[in-house]
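1. here is my input, please return the structure:
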Amino acid sequence: MPHGSNRRRRPPEEEDRHEIGQDLSLLSVRELDERIGLMKDEIARLEADKIKKHATRSAADQFFKR
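-> Next comes the predicted model:
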């Protein structure tokens, strides 16, 4: 990064991490696209786990019905 740049860089371990509500002004369009992709992947993972847990719950409910 050129000396005297006004752009603050985050430590490398924080580069790919996104926090809800964080300031987006320092992110490039490419960085925003990458984070959107990561978040879409995480949403899909959450939805898949929700479906799995719902199926497990339904199976348990059926098993314990008299």
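2. surely residue 24 meets residue 36?
-> No. Using Cβ atoms under 8 Å, residue 24 makes no contact with residue 36, being 11.1 Å away. (C-beta placed from N, C-alpha, C; glycine too.)
3. so how far is whichever strand or helix holds residue 40 from its chain's centroid?
-> Taking DSSP states H and E as the criterion, residue 40 maps to helix 29-64. Relative to its chain's centre, helix 29-64 lies at 11 Å (Cα atoms, centre = their mean, to the nearest Å).
4. find the residue at the geometric middle of the chain.
-> residue 39 (3.6 Å; Cα atoms, centre = their mean).
5. ok now do that residue, which residues does it touch?
-> When contacts are counted by Cβ atoms under 8 Å, 6 or more residues apart in numbering, residue 39 touches residue 18.
6. let's see 10 Å
-> 18, 20 (Cβ atoms under 10 Å, 6 or more residues apart in numbering).
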